[in-house]
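> predicted model and sequence follow; I will ask about them next.
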Amino acid sequence: MNQEQQIMRWIDGHQEEIIDFLRQLIRIPSVNPWFFEEPGPSKEKDLQEFLAGKLSGLGARIEQWEPVADELKQYEGMAGYYPGRDFTGRPNLAATFEGEAAGKSLLLFGHIDVVMAGSKWTVDPFEGQIIDGNMYGRGTVDMKGGVAAMIMAVEAVLRSGFKPKGSVIVGTVVDEEAGGMGALDFIHHGYRADACILTEPTSLTIAPLCRGILWGKIKVQGRSGHIEMPQADWKDGGAVDAIKKARYLLDEIDRLNEDWAVRKTHPYLSIPCQVHVAQLKAGEYPTSFANEAEIVFNAQYLPSERDDKLVGGHVKKELIDFLMQAAQADPWLSEHPPEIEWLVDADCAETDADHPFVQTCVHSLQAIGESGKIEGLGFHTDMGWPVNVGIPTVNFGPGDPSLAHHSDEFTPVEEVIQAVKMIAKTIIDWCGVEEA
């Protein structure tokens, strides 16, 4: 029996242990405090402490630290930097399994924060219940299933009596769900490798691309007035319905999306970039025309559109110019132009699909009976900063990404096991293994 067969046999014989490890991660509700209505303690530290105990027990050298926003000022204007963000009790974690020069190094990377559970669950979101072969719980998809798989892949190699020839670093970070400052800080801390698997959910496909995401708020001005009374022309002081003006801009956004659907595409993405309206807020009283309206949107951009700071500055300018042009066609808006407040710029990145590491991952996936399909991710992941410093990176993990953030989020148990096998196979082929 060769090395690979022994490691795969260990995984097959310890499936319950692997799934129970994921269940333990789900049971620690590491909700990013950005989602709290009021400030409160985060459980991110509790989860990192749990992982540190697991990884140190496997022989890793452990480092934990809390990011400090003031120490990252040099990245102002770049991805993941948010001045003044507080990371008290929210540490990053790096666990290093030292290898020798004979093998290439590998970073296994993931975030441990999750969004809030929200409503309409039919099961406990922090229990890890298995129904019909699927594990339910907040984070099973995004992305504790992947974190569990990458750690258990390392354990499978070690418990089978081998050790990687090249160093393997397990990095788990905070804050991805609110912009990615944890990943920025991890790279700033100096961690590097010859390649990286970011274990975001991909339904077991290889994703060497993710899109950038812009969150913005368009503020549309109106002028309040009694909704049941005749109104003078706005130039004479009459009311202006901010909702009506917002509706006009929404129609213009629809037209913009028709253009983007043609221009902003990628061969590895199934859908084009669009400007999706996510929230609307307007009005104060049922008897008054809305004085102001707010349109909160989510716009995506491609790696080819990044600016000199490797974020979405070009697309921001495009959207501002579009909005001003639309405003010029409306007499009121031309004199009272809408404003955009930028909320989040979550970066994107791409690794060439022909890169040897990408192909290694494809072959690893094919070796365990999967198709080895390559496709991009329409959402942001933390792959930007590893790629920015020259680390070829792919996204790969269990779970359907369309189920992330859903009520009754779930991941097929079998996909978790397959992800463990693929990552273990990549450690064998990329890093090399030898008897411990």
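Yep, it's here. Because the structure is a prediction, the values reported are computed rather than measured.

> so the residue nearest the centre of the chain, which of the three states?
Centroid-nearest residue in the chain: residue 381, 3.4 Å away (criterion: CA atoms, centre = their mean). Three-state call for residue 381 (DSSP: H, G, I helix; E, B strand; the rest coil): coil.

> do residue 340 as well
The three-state label given to residue 340 by three-state DSSP is strand.

> surely it meets residue 220?
No: using CB atoms under 8 Å, residue 340 is not in contact with residue 220, being 10.7 Å away. All C-beta atoms are positioned from the backbone trio N, CA, C, and that covers glycine.

> now do the end-to-end distance for stretch 62-76.
29 Å (CA to CA, to the nearest Å).

> for stretch 232-246, same thing?
The first and final residues of stretch 232-246 sit 20 Å from each other (CA to CA).

> where are the low-confidence patches of this structure?
Low-confidence segments of the chain (pLDDT under 70): 38-41.

> got the domain ranges for it?
3-210+349-435, 212-346 (automatic domain parsing).

> for the chain, which helix is longest?
Across the chain, the longest stretch assigned as helix under DSSP state H is helix 242-263.

> quick one: list the elements packing against that one.
With contacts taken as 3 or more CB pairs under 8 Å, 6 or more residues apart in numbering; DSSP states H and E, helix 242-263 sits against strand 212-221, strand 275-282, strand 292-301, helix 313-328, helix 331-335.

> wait, doesn't residue 231 sit right on residue 225?
Yes: Residue 231 is within contact range of residue 225, at 5.4 Å (criterion: CB under 8 Å).

> more neighbours, the two?
Ranked by neighbour count (other CB atoms under 10 Å), residue 231 and residue 225 place residue 225 first, with 20 against 16.

> residue ranges for the helices of the stretch 51-200 of the chain, please.
144-159, 181-188 (DSSP state H, counting those that start in this stretch).

> would you list the ones you listed in JSON lines and tack on mean neighbour count?
Listed next are the helices of the stretch 51-200 of the chain as JSON lines, based on neighbours: other CB atoms under 10 Å:
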{"stretch": "helix 144-159", "mean neighbour count": "27"}
{"stretch": "helix 181-188", "mean neighbour count": "25"}
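
> quick one: closest of these to residue 419.
helix 144-159 (3.7 Å; CB to CB).

> next one: that closest one to chain centre, how far?
Taking CA atoms, centre = their mean, to the nearest Å, the mean C-alpha location of helix 144-159 is offset from the chain mean by 20 Å.

> which elements pack onto it?
Using 3+ CB pairs under 8 Å, 6+ apart, helix 144-159 sits against helix 3-13, helix 15-26, helix 44-57, strand 106-111, strand 168-173, helix 413-426.

> how does it look with 6 Å?
Applying 3 or more CB pairs under 6 Å, 6 or more residues apart in numbering; DSSP states H and E, one finds that helix 144-159 contacts helix 3-13, helix 15-26, strand 106-111, helix 413-426.
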